[in-house]
Structures are given as C-alpha cells and as structure tokens.
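Chemist: Pasting the sequence and the predicted coordinates here, then a few questions.
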Amino acid sequence: MNRSDDLLAGLDDIDWAALGHAYGSAEDVPGHLRAVCGPDEEARDSAFGDLFNTICHQGTRYSASPYAVPFLARIAVAGPAGARADALMLLTRLAVDWHDEYDLPLGINTAAWRAADVSPEECLHEYDEAIATETDEERLKNLREVRAYCAAGHPIDAREGALRSYDAVRAQLPVLLELLGDQDPEIRTRTAYLFGWFPEDAAPLLPALLACLDLERDPACTATVLIAVGLLADHDPDGRLRHHLDHEHPLPRWAAATALTRVLAAHPTAAPGLPSAQRLAAELAAFGARPALETATAHNDGDLRSYTVRSLLHLMPAAENPDPILLQVVGVLPRLEGTAVVPRPLPGLAVDLLDALFEPADTAQVFAELSRKRRELLRILAELLAAADFQPVPFGSSLHERLTRYGLPSTRAALRAYAGLPTEGEDPDAPLLASC
C-alpha cells in the first residue's frame, strides 16, 4: 500500500458534505487528504495545516473528525515519507488535545470520560422533552435547529465529539503497532507518544512498547517509550523502568523517574517494589536544575520542567519527609518557561502547590508564622507571578480563589509586600496573571 489510490480507498464513499468541521461543511477534507498523499511537499504541509485547523480546531473535534482517522492511519503506516510523522501527530490530536495533557503526570481518565458522556439518543430525548414544554417561539426555533443538527449526526457536547474521534483512533491501534519497529526514530517516537494515551488498551500495547525499549538507542524515543509505559502500567514491568534510572543520558533517566512517579501515585499498592519517593525526587530535581536539553519528549508540549514540578508534587504524599521534596520544587520553579502553544504552566502549578501545602484559613495567615519552606515558596511565586510577561486577568480566577481560600494576599503588590519583596511600580489593585 503505497499509492495514493490505495491509501485513500473509500474516500469518495463518504458523504463529506453532510459532515462538519470547525468552519462548516467538511467537503474540503478529501482534497486535503489527497494533497497529503501527493508529491508536492509544500502542498502537503499546507494540507496538514488545514486539517489541524479544521477537524481538530483548538482541541475541538467534529462530526467529520473520526471519518478522517482510517486514512490518516494508512498514511502513517505507508504514506509518503514526509507525511507519516505529521499523520501520527494529527492522529494524536484527534484522540487527545493538549488540554488533556493537564492531567499529567497521572494520564487521562477515559472511564470518567465515558461515564460523563451523553449518547446521541439521550441527547435527542432531552431535546424532545424541552421542545414539548417550550412556549417561547424563538427558544422553540433554536431548540428545533439544535435537535436537527444532533439528529444529523453532529456531536453537540465537546466530550462526545472527542470520544468519537478517540475511539476511531483506538480502533486503528492494531494497524499502528508495527510502527514501533520502524526504521525512522521519529516515527517510533511519535507512535509511542500516541500509545501512552490509551490506558484501556494497556494489555496489547505494553508488550509492544517494552519490546521497542529493548532495542531502542535514540534517547528521545527511549524517554517517550518510558513515559508511555508509566502512563499505561500499574507496576514496574520486570523492573524495566527502574533499570533506566541509571541510563547514561539524562532524558531517559528523567523519563524513568517520571514514569515511576506516575505508577507510585496512581497505584500505591505497587510501592514495595518501586524506588523510594526520595530517590525519584532526586532524579527529577537534578533534571529540573540542569540546562534545557536540545531533545525532549512531546509531553506537556515539551515543557519538561513544569512536568517535573507536577511529578514532584505527586511524590510528596509518598515521602516519609516531604519537606526536602518541597525544597526541590522551590529549586525548579524559577527555571520554568512558558511555551508558544500550551498556556503558560505557572498558574496551574501555583494552584497545585497551594493545594498541596496549605489548609483553608478563616483569617489572614501571618507570613512569619509560616514554615521556612512555605515562606521561600511564596517568595518565589510572588517573583514569578509579577514577571512582566504574565498578563493580568480579572479577579475570580482559580489562582485568585485559592489564595483567598488559604488566607493569602491575592494581588501582585500585596503578595510581594507579604513576602517581603519590593513593590515599587506595582499597581496595588492589579490581579495576578493570565491563564489561571
């Protein structure tokens, strides 16, 4: 299978005009898929850009999205060399968008997704009930239009649309398994990255990932496979994760510690066979303190330092003495950087830190009465949150709410003053920062 007519067999059997994407009718999707399979590299790149922007626009998936999946899987396996890696990345984004990565280091919870999902039949029934009792003509018209949209097969709820695409990609996993043995390390890496998001399929995926690990020599691919194993496994298979804590390259060592942290946090009963929380924290902290590597895994959009902080927070409950780990968190925080695609990670990390370290307080907390480590943490947060490249947002953000809950100041100037830092040039009423 290497000709475009083989890769796209059945493409014209689908009524694309009746399907939708971010900008309306999906009748342009076949043309994009044909361009992806064509010889023109510039046209191929443009077509991939159009597909990313339409069938998984900003993380939302549409009625056309799952129909594109089988063709993308074929392209990933046997398409033009320049298209295969992009097809794998698009398949990943059709399964999980970058917002799902906020669930790192524990991984996605498909059981919760499915429990919250509303079937199309249930959705139609709810609209029928609403239509039967609605007396306002304008609202009745809107209800009928939305019901007709749902009846035509379009997902109404964002999670429903995501699950349709997720399950379409899931159905292609047996086809994609062979790519873990591909000659191209980028293909192996992107395949392993994709597989880590399918915990329901751990049984067939784990043996293939471990077999890949036995032969892998590329550090980025090794690290990606280790993270995938950690996201899927409920234990350390034959000590393979622990073994890589001694890898010669820092990226696989970090990945092994990250994977083991996830297993320890998600499956505490596996703890007796795992390295201690202190051992894992030491490896994570050493990675977070070193200069950024030229290579990284794709997890958390490549922002491995904020991933490291999240992992350290998950290790604290398992540690006999969590205070040293808190100090390691404090050591990594000043080295965090924002990314161009994923919203800057600091607000979410700040919320996680506050939740981990403070209890709700009815009255304002006295800074001098906090532990030294908590005082140091708040000083660093105050410095980072007031940095020029963090933009203010309205009060009511989750970070503002947490600071208030724990009896802490909730404006930039007040937090800096509370922590004993200079406040010159600060607007006393300025809220903290964006993306909270």
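Modeler: Received, thanks.
Chemist: Walk me through the domains of the protein.
Modeler: 1-100+158-171, 110-157, 177-337, 343-436 (automatic domain parsing).
Chemist: and the closest residue in space to Ala76 that isn't next to it in sequence, how far is that from Ala168?
Modeler: Leaving aside its sequence neighbours, Ala76 sits nearest to Ala87 (Cβ to Cβ, 6 or more residues apart in numbering; 4.1 Å). Where you see a C-beta, it was placed from the backbone N, CA and C, and this is true even at glycine. Ala87 sits 14 Å away from Ala168, taking Cβ to Cβ, to the nearest Å as the criterion.
Chemist: hmm, back to that, my guess is the residue nearest to Ala76 contacts Ile75, does it?
Modeler: Yes - counting by Cβ atoms under 8 Å, a contact exists between Ala87 and Ile75, whose distance comes to 4.2 Å.
Chemist: Please pull up the helix or strand immediately following the helix or strand Val225 falls within.
Modeler: Element membership for Val225 (DSSP states H and E) is helix 219-232. On the C-terminal side of helix 219-232, the closest following helix or strand by DSSP H and E is helix 240-243.
Chemist: and that following helix, what does it pack onto?
Modeler: helix 219-232, helix 250-266 (3 or more Cβ pairs under 8 Å, 6 or more residues apart in numbering; DSSP states H and E).
Chemist: shared neighbours of Ala87 and Ile75, which are they?
Modeler: Val36 (Cβ atoms under 8 Å, 6 or more residues apart in numbering).
Chemist: Double-check that the residue nearest to Ala76 belongs to a helix.
Modeler: Yes - counting by DSSP: H, G, I helix; E, B strand; the rest coil, Ala87 falls inside a helix.
Chemist: Look up how far Leu72 lies from it.
Modeler: Ala87 is 5 Å from Leu72, by Cβ to Cβ.
Chemist: ok, now Gly273?
Modeler: 39 Å.
Chemist: More neighbours: which of the two?
Modeler: Leu72 (28 against 11; other Cβ atoms under 10 Å).
Chemist: ok now whichever strand or helix holds the more buried one, how far from the chain's centre?
Modeler: Secondary-structure element containing Leu72, defined by DSSP H and E: helix 65-78. Averaging C-alpha positions (Cα atoms, centre = their mean, to the nearest Å) puts helix 65-78 22 Å from its chain's average.
Chemist: Output the contacting helices and strands for it.
Modeler: Secondary elements touching helix 65-78 (3+ Cβ pairs under 8 Å, 6+ apart): helix 4-7, helix 29-36, helix 81-95, helix 158-171, helix 173-176.
Chemist: How far away from the center of its chain is the longest one?
Modeler: For helix 81-95, the separation from the chain centroid amounts to 16 Å (computed by Cα atoms, centre = their mean).
Chemist: which helices and strands does that helix pack with?
Modeler: Using 3+ Cβ pairs under 8 Å, 6+ apart, helix 81-95 is in contact with helix 29-36, helix 41-54, helix 65-78, helix 158-171, helix 185-195.
Chemist: Not counting its own residues, what contacts the fourth one?
Modeler: Outside helix 158-171, the residues within contact range by Cβ under 8 Å, 6+ apart are 56, 60-63, 65-67, 69-70, 73, 91-92, 94-97, 110, 113-114, 116-118, 120, 123, 155, 194, 198, 200-201.
Chemist: May I see the buried residues of that helix?
Modeler: Buried residues in helix 158-171, defined by neighbour count with 16 or more other Cβ atoms under 10 Å: Arg159, Glu160, Gly161, Ala162, Leu163, Arg164, Ser165, Tyr166, Ala168, Val169, Arg170.
Chemist: ok, for Gly107, nearest residue in space, not its chain neighbours?
Modeler: Leu231 (4.1 Å).
Chemist: Please verify my assumption that that neighbour contacts Tyr193.
Modeler: No - applying Cβ under 8 Å as the test, Leu231 and Tyr193 come out as separate, 10.2 Å apart.
Chemist: Looking at the two, which one has more neighbours?
Modeler: When Leu231 and Tyr193 are compared for neighbours, Leu231 comes out ahead with 25 against 21, by other Cβ under 10 Å.
Chemist: wait, what's in contact with the more buried one?
Modeler: Gly107, Gly196, Trp197, Pro199, Ala259, Arg262.
Chemist: how about a cut-off of 7 Å?
Modeler: Leu231 makes contact with Gly107, Gly196, Pro199, Arg262, according to Cβ atoms under 7 Å, 6 or more residues apart in numbering.
Chemist: Of those residues - the most surrounded one?
Modeler: That'd be Gly196 among those, by other Cβ under 10 Å, with 28 neighbours.
Chemist: Next, that residue: phi, psi?
Modeler: phi -60, psi -10 (degrees, to the nearest 10).
Chemist: so it sits right up against Ala228, yeah?
Modeler: Yes - Gly196 is within contact range of Ala228, at 3.4 Å (criterion: Cβ atoms under 7 Å).
Chemist: returning to that earlier point: next, the buried residues of the helix holding Leu72.
Modeler: Buried-residue list, helix 65-78, by 16+ other Cβ under 10 Å: 65-77.
Chemist: coming back round to it: out of the helices and strands packed on helix 81-95, which is closest to Ile14?
Modeler: Nearest to Ile14, of all the helices and strands packed on helix 81-95, is helix 65-78, at 5.5 Å by Cβ to Cβ.
Chemist: From Ala289, how far out is Ser276?
Modeler: Ser276 is 20 Å from Ala289, by Cβ to Cβ.
Chemist: Sorry, slip of the keys, the one I care about is Glu138.
Modeler: Distance from Glu138 to Ala289, by Cβ to Cβ: 60 Å.
Chemist: The two: which has the busier surroundings?
Modeler: More crowded of Glu138 and Ala289, by other Cβ under 10 Å: Ala289, with 14 against 8.
Chemist: In contact with the more buried one, which residues?
Modeler: Gly331, Val332.
Chemist: Next, it: phi, psi?
Modeler: phi -90, psi -10.
Chemist: So it versus Leu231, what's the distance?
Modeler: 25 Å.
Chemist: What of Arg375?
Modeler: Distance from Arg375 to Leu231, by Cβ to Cβ: 35 Å.
Chemist: Got phi/psi on Gly20?
Modeler: Per degrees, to the nearest 10, the backbone of Gly20 is at phi -130, psi 160.
Chemist: on that earlier part again, identify the contacts common to Gly196 and Ala228.
Modeler: With Cβ under 7 Å, 6+ apart, Gly196 and Ala228 have no common neighbours.
Chemist: returning to what we had before: where among the helices and strands packed on helix 81-95 is the average confidence lowest?
Modeler: Note on those: lowest mean pLDDT is at helix 158-171, with a mean of 87.
Chemist: Identify the residue nearest Leu370 in space, chain neighbours excluded?
Modeler: Using Cβ to Cβ, 6+ apart, the nearest residue to Leu370 is Leu378, at 7.4 Å.
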